[in-house]
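**Q** 3D model of this:
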Amino acid sequence: MMKDLLKKFSSSGRVDWIGLRPERRAPMLVVEEVEVTETGLVGDRRKSPGKRAVTLIQAEHLPVIAALAGVDAVAPETLRRNILVSGINLLALRHHEILIDDVVLRTTGPCAPCSLMEKEIGFGGFNAMRGHGGLTAEVVQGGMIRVGSIVTPVLPNED
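**A** Coordinates of the predicted model:
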């Protein structure tokens, strides 16, 4: 029964925002679309394949982070993640593959906040982000991702 429940999602998700980190600590570059290769997002500072090639964060968590930090709002670029997703619970997709247009990502684990969040969000920003930092992912299949792209889980076949 639990296995069946883990396969049920009330809806697909949506890519709401895409950001690139051209260099360490450099301002985020907001884009409408991005090419994804085995090393991650073209234009992002990460240039090697692996478990942290792409970062995703839940759009619905931004108001929670803001509330916990005692600020009015938190912009996606402040959090330094690559892809903002709404409409589907990212944490329920941990260690699963997800399809975004023709791109396949395998989520690999939580994306913990860094100490920079204390500066970017303000006093308590680091702790406000704990548990809300999103997920890391590796690239299984490259392609293009656009703002507005649909995010769906790739469920394993059980034959």
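**Q** And the helices in this structure?
**A** Here the chain has its helices, by DSSP state H, at 2-5, 62-69, 76-79, 116-120, 125-129.
**Q** among the ones you listed, which gets the worst mean confidence?
**A** Lowest mean pLDDT within the helices of the chain: helix 2-5, a mean of 74.
**Q** on that earlier part again, can you tell me which of the helices of the chain comes nearest to residue 92?
**A** Of all those, it is helix 2-5 that lies closest to residue 92, at 10.1 Å by CB to CB. (Glycine included, C-beta is placed from N, CA and C.)
**Q** Run the chain-centre distance for stretch 62-77.
**A** What separates the centre of stretch 62-77 from the centre of its chain is 16 Å, taken as CA atoms, centre = their mean, to the nearest Å.
**Q** before we move on, what about stretch 84-95?
**A** With CA atoms, centre = their mean, you get 8 Å for stretch 84-95.
**Q** which outside residues touch the helix-or-strand element of the chain with minimal mean pLDDT?
**A** Every helix and strand of the chain was ranked by mean pLDDT, DSSP states H and E. The lowest is helix 2-5, at a mean of 74. Helix 2-5 is contacted by no other residue when judged by CB atoms under 8 Å, 6 or more residues apart in numbering.
**Q** Export only the CA atoms of it, formatted as PDB.
**A** Output of helix 2-5 as PDB, limited to C-alpha atoms (Å, rounded to 0.1, in the frame of the first residue of the first chain):
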ATOM      1  CA  MET A   2       2.800   2.500   0.900                       C
ATOM      2  CA  LYS A   3       4.500   1.800  -2.500                       C
ATOM      3  CA  ASP A   4       1.200   2.800  -4.200                       C
ATOM      4  CA  LEU A   5       0.800   6.000  -2.200                       C
END
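**Q** ok, residue 44 - contacts?
**A** Residue 44 is in contact with 20-22, 82, counting by CB under 8 Å, 6+ apart.
**Q** Among those, which one has the most neighbours?
**A** Highest neighbour count within the contacts of residue 44, by other CB atoms under 10 Å: residue 82, with 28 neighbours.
**Q** number of nearby residues for the closest residue to it other than its chain neighbours?
**A** Closest residue in space to residue 82, ignoring its immediate chain neighbours: residue 55 at 4.8 Å, by CB to CB, 6 or more residues apart in numbering. A count of neighbours around residue 55, defined by other CB under 10 Å, yields 22.
**Q** All set now, cheers.
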